[in-house]
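Asks: with the input below, show me the fold.
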Amino acid sequence: MKHFLDIHTTSAADLRAMIDSAHAMKTARQGRPKGTPDDDQPLKGHMVALIFEKPSTRTRVSFDVGVRQLGGETMVLSGKEMQLGHGETIADTARVLSRYVDLIMIRTFEEQTLLEMAEHATVPVINGLTNRTHPCQIMADIQTYEEHRGSIAGKKVVWAGDGNNVCASFLHAAGQFGFDFTFTGPQTLDPEPEWLGFARSKGVSVAVERDPAKAVADADLIVTDTWVSMHDPESAKERRHNQLRPYQVNEDLMAKAKPDALFMHCLPAHRNDEATSAVMDGPHSVIFDEAENRLHAQKAILRWCLGR
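Replies: Now for the predicted structure:
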């Protein structure tokens, strides 16, 4: 049994195998109706619990469709429908769910909820997002970059904006996939020192540059995310906008990167805040390929968790 909890806790070899599997499954489905099952059905007869304490579009749909394409069935549960951590301990919930289902995907707030679920479950647990990390998204991002530009190893990735949970998983990926990483944003929103240290410990270049124009010089990929995350209080909105406005990804900033640089955003986006519509809909953008690849990357993760 294997949990997929974070990129930095999964071996680089296994991560590479998952990306290769995702590429292969996507290629095999070309031209087929989206509702048709894959030829290989590793989840046939398996039930997967999809737990959402946080709202979701891409995570919910991509996991649901992915499980069905692999031959399995899903049970979608919201935080309101469960007693997760309230009327019942997380440990007991994990033990009970393990008697009913074959895998658990959880999208939650606190990282500790995920860790307790994995500690006490007797089936694989997948991190669909916590306030601290978002590994499934970054696996899709790696897949997307490589299908457009080849290996990401040795490339320069620039994160512009808030050093949030998605940024954290990008730092994990920098260490595991061997690409350089530059963060540009206000000091008050820097990534966690632990994650900067992890990437550096793997021998890649990690930089913090306050000037976004300098940061994106020679960049192969520029990534951003919403300025206000769903777990941030409404009172933070105006303050964050004031802090992050200089780090908007616009046409002028993209022009300072390499001519063939790509642009990514995990969505949902607030257009013309963190990135302009001209960039999001422009020739550098791969945001909808990135969204699609959540499906393929997560199918590879599901297969890996079952040793398939």
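Asks: helix/strand/coil for the residue nearest to the spatial centre of the chain?
Replies: Nearest to the mean C-alpha position of the chain, by Cα atoms, centre = their mean, lies residue 137 at 1.7 Å. Per DSSP: H, G, I helix; E, B strand; the rest coil, the local secondary structure of residue 137 is helix.
Asks: give me the neighbour count for the nearest residue to it once chain neighbours are set aside.
Replies: Once flanking residues are discounted, residue 137 sits nearest to residue 266: 4.9 Å by Cβ to Cβ, 6 or more residues apart in numbering. C-beta here means a position set from N, CA and C on the backbone, and glycine is covered the same way. Counted by other Cβ atoms under 10 Å, the residues lying close to residue 266 total 23.
Asks: which residues does residue 266 contact?
Replies: Residues counted as contacts of residue 266 (Cβ atoms under 8 Å, 6 or more residues apart in numbering) are 58, 134, 137, 141, 166, 225, 290.
Asks: could I get these as JSON lines with pLDDT and secondary structure?
Replies: Shown next, in JSON lines, are those (pLDDT from 0 to 100; DSSP: H, G, I helix; E, B strand; the rest coil):
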{"residue": "58", "pLDDT": "96", "secondary structure": "helix"}
{"residue": "134", "pLDDT": "98", "secondary structure": "coil"}
{"residue": "137", "pLDDT": "98", "secondary structure": "helix"}
{"residue": "141", "pLDDT": "99", "secondary structure": "helix"}
{"residue": "166", "pLDDT": "98", "secondary structure": "helix"}
{"residue": "225", "pLDDT": "98", "secondary structure": "coil"}
{"residue": "290", "pLDDT": "98", "secondary structure": "helix"}
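Asks: neighbour-wise, which of these leads?
Replies: residue 141 (29 neighbours).
Asks: touching, that one and residue 264? I think so.
Replies: Yes - counting by Cβ atoms under 8 Å, residue 264 is a contact partner of residue 141 at 5.8 Å.
Asks: tell me the buried residues in stretch 279-294?
Replies: Neighbour-count burial for stretch 279-294, counted by 16 or more other Cβ atoms under 10 Å, picks out 279-280, 284-287, 289-294.
Asks: ok, residues contacting it?
Replies: With contacts defined as Cβ under 8 Å, 6+ apart, stretch 279-294 is touched by 22, 26, 58-59, 62, 136-137, 140-141, 143-145, 147-148, 222, 249-251, 254, 261-267, 269, 271.
Asks: can I have the buried ones of these as a ChimeraX selection?
Replies: In ChimeraX, a selection of the buried entries from the contacts of stretch 279-294 looks like this (16+ other Cβ under 10 Å):
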select :22,26,58,59,62,136,137,140,141,143,144,145,147,222,249,254,261,262,263,264,265,266,267,269
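Asks: wait, residue 75 touches residue 52, no?
Replies: No - assessed by Cβ under 8 Å, residue 75 is found out of contact with residue 52, at 11.5 Å.
Asks: more neighbours, these two?
Replies: residue 52 (22 against 14).
Asks: quick revisit: which one of the buried residues of stretch 279-294 sits closest to residue 156?
Replies: Nearest to residue 156 among these is residue 284, at 14.5 Å by Cβ to Cβ.
Asks: what pairs with the helix or strand harbouring residue 77, parallel or antiparallel?
Replies: Per DSSP states H and E: residue 77 is located in strand 73-78. The pairing partners recorded for strand 73-78 under DSSP bridges are strand 47-52 (parallel).
Asks: hmm, back to that, so which bits of the strand holding residue 77 are buried?
Replies: Those would be 74, 77, for strand 73-78 by 16+ other Cβ under 10 Å.
Asks: now it: average pLDDT?
Replies: On average, the pLDDT along strand 73-78 is 95.
Asks: quick one: secondary structure of residue 229?
Replies: Residue 229 ends up coil, using three-state DSSP.
Asks: my guess is residue 115 meets residue 5, correct?
Replies: Yes - applying Cβ under 8 Å, one finds residue 115 in contact with residue 5, separated by 7.3 Å.
Asks: in terms of neighbours, single out the busier of those two.
Replies: residue 5 (20 against 17).
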